[in-house]
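Enquirer: Got a predicted model here, sequence first, then my questions.
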Amino acid sequence: MTVTDAKQPGVDHRKGPRRRGDALHAAIYEATLAELDDVGYAELSMKSVAHRARASTASLYRRWSGRAELVVDALRSRASVVLEAPDTGSVRGDVLGFMRRVAEALNGPAGEAVRGLMIEAMGDPELRAVIRARFVEPATGCMLEAFRRGVVRGEVRPAALTPVVAGTAIAVLREQFLLGDRSLQDAFLVEVVDTVVVPLTSP
């Protein structure tokens, strides 16, 4: 892990002007990601983030119930994933477009942090619940919305409108991201859509 000035003696991150509103949120997210890089999720605390962000611990707890929510939101701010399936006129285009957005974020600067957090979540029920609520359920909802449009167009059978079917492509993407030996290449995304999603949903 990178050792930053948070570990150097004599550095007081509380010095300087206090931030408010969007500026405070940005400072807190930046501090959270820096702490995550320095010490990892297991050692990260609300107090250390507040210190680095020149904010009070109380101000963090007014916005987040705990470090799990804070870290996930900070990662989402870096990844900038729009959790909305584009309306391309076909279910194949909608799903592929959404998966490309997710892959772009996971292949970017936030990817390694997200991977580490997901591994940490295996042994942390609270973190796992937050990831499910902030990422997995919204992503599944995007897939379901794409499928609903497909039903109207006659591309998708109504029986495919279930969280299990909608979550299948997300699960394959997650498995490749965590355990695969390559980044989320476009050819892989196309293969998932054409060999998994389309056959599962077609009338």
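Expert: Looks like it came in fine. Numbers count the residues shown, from 1 in each chain.

Enquirer: show me where this protein has strands.
Expert: Counting by DSSP state E, one finds no strands in the chain.

Enquirer: quick one: the helices in it?
Expert: Counting by DSSP state H, the segments of the chain that form helices are 21-43, 46-53, 57-63, 67-79, 91-106, 111-121, 125-131, 137-153, 163-179, 186-192, 198-201.

Enquirer: Would you format those helices as a markdown table with mean pLDDT and mean neighbour count included?
Expert: Where C-beta positions appear, they are placed from N, C-alpha and C, glycine not excepted. Below are those laid out as a markdown table (pLDDT from 0 to 100; neighbours: other CB atoms under 10 Å):
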| stretch | mean pLDDT | mean neighbour count |
| --- | --- | --- |
| helix 21-43 | 88 | 17 |
| helix 46-53 | 96 | 20 |
| helix 57-63 | 94 | 14 |
| helix 67-79 | 84 | 21 |
| helix 91-106 | 93 | 21 |
| helix 111-121 | 84 | 16 |
| helix 125-131 | 90 | 17 |
| helix 137-153 | 95 | 18 |
| helix 163-179 | 93 | 16 |
| helix 186-192 | 96 | 15 |
| helix 198-201 | 97 | 17 |
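
Enquirer: quick one, what contacts the closest residue to Met143 other than its chain neighbours?
Expert: Residue nearest to Met143 in three dimensions, not counting chain neighbours: Ala166, with 3.9 Å by CB to CB, 6 or more residues apart in numbering. Contacts for Ala166 (CB atoms under 8 Å, 6 or more residues apart in numbering) come out as 140-141, 143-144, 147.

Enquirer: Arg100 too?
Expert: Neighbour list for Arg100: 186, 189 [criterion: CB under 8 Å, 6+ apart].

Enquirer: and if we set it to 7 Å?
Expert: Arg100 sits next to Leu189 when contact means CB atoms under 7 Å, 6 or more residues apart in numbering.

Enquirer: about what we covered before: how far away is the residue nearest to Met143 from Gly141?
Expert: Per CB to CB, to the nearest Å, Ala166 is found 8 Å from Gly141.

Enquirer: go on, Trp64?
Expert: With distances taken as CB to CB, Trp64 is found 22 Å from Gly141.

Enquirer: does Gly156 really touch Ala146, like I thought?
Expert: Rather than Gly, residue 156 is Val. No. The pair Val156 / Ala146 is not scored as a contact, 8.5 Å apart, by CB atoms under 7 Å.

Enquirer: list residues touching both of the two?
Expert: Residues touching both Val156 and Ala146 by CB under 7 Å, 6+ apart: Val91.

Enquirer: Domain map for the protein?
Expert: Following automatic domain parsing, one gets these domains for the chain: 5-63, 78-201.
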